[in-house]
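Visitor: Can you look at this prediction? I've put the sequence above it.
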Amino acid sequence: QLQLVESGGGLVQPGGSLRLSCAASGFTLDDYDIGWFRQAPGKEREGVLCKGSSGGTTSYADSVKGRFTVSRDNAKNTMYLQMNGLKPEDTAVYYCAAGAYCSDYETYGVAYWGKGTLVTVSS
């Protein structure tokens, strides 16, 4: 089955950290540019970052630059999103994606979407 499955969301206090995982099955994740998106309550989905395939560069939205880091583990066919210094405005459902290309921090030509994982930042 061709899919992306996220995990790792939850409730965290402001200033805390979380690591999201996104495991691919049925295809090779490193063949694609990868991205993370998020959708906050009452808002449209927005791109957070995009990373090129095969060791390509990564671009981050200004709102997360310096706090979020994306990585891949090709042996596990999995990508990770390390989120540090979390703020209440980071509260959203986070989606991973595998796509055709990055344009800045946006991922285009998405072939596979995860179903999303909720991150809540609150005291």
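Guide: Right, received. Where do you want to start? Numbers count the residues shown, from 1 in each chain.

Visitor: Is His4 in contact with Gly26, as I believe?
Guide: Quick fix: residue 4 is Leu, not His. No. Between Leu4 and Gly26 there is no contact under CB atoms under 8 Å: 9.7 Å. From N, CA and C alone the C-beta is placed, and that goes for glycine too.

Visitor: Between the two, which has more neighbouring residues?
Guide: Of the pair Leu4 and Gly26, Leu4 is the one with more neighbours under other CB atoms under 10 Å, namely 23 against 10.

Visitor: partner residues bridging that one?
Guide: On the basis of DSSP bridges, Leu4 is bridged to Ala24.

Visitor: beta partners for the residue nearest the centre of the chain?
Guide: For the chain, Trp36 is the residue whose C-alpha lies nearest the centre (CA atoms, centre = their mean; 2.8 Å). Beta-bridge partners recorded for Trp36 (DSSP bridges): Leu49, Cys96.

Visitor: Ok, Leu11 next?
Guide: Applying DSSP bridges, one finds that Leu11 bridges with Thr120.

Visitor: Contacts only, for it.
Guide: By CB atoms under 8 Å, 6 or more residues apart in numbering, the contact list for Leu11 reads Thr120, Val121, Ser122.

Visitor: top of these by neighbour count?
Guide: Using other CB under 10 Å as the neighbour criterion, Val121 leads the contacts of Leu11 with 19 neighbours.

Visitor: could you check the distance from that one over to Leu49?
Guide: Here the criterion is CB to CB, to the nearest Å. By it, Val121 lies 18 Å from Leu49.

Visitor: That concludes my questions; thank you for your assistance.
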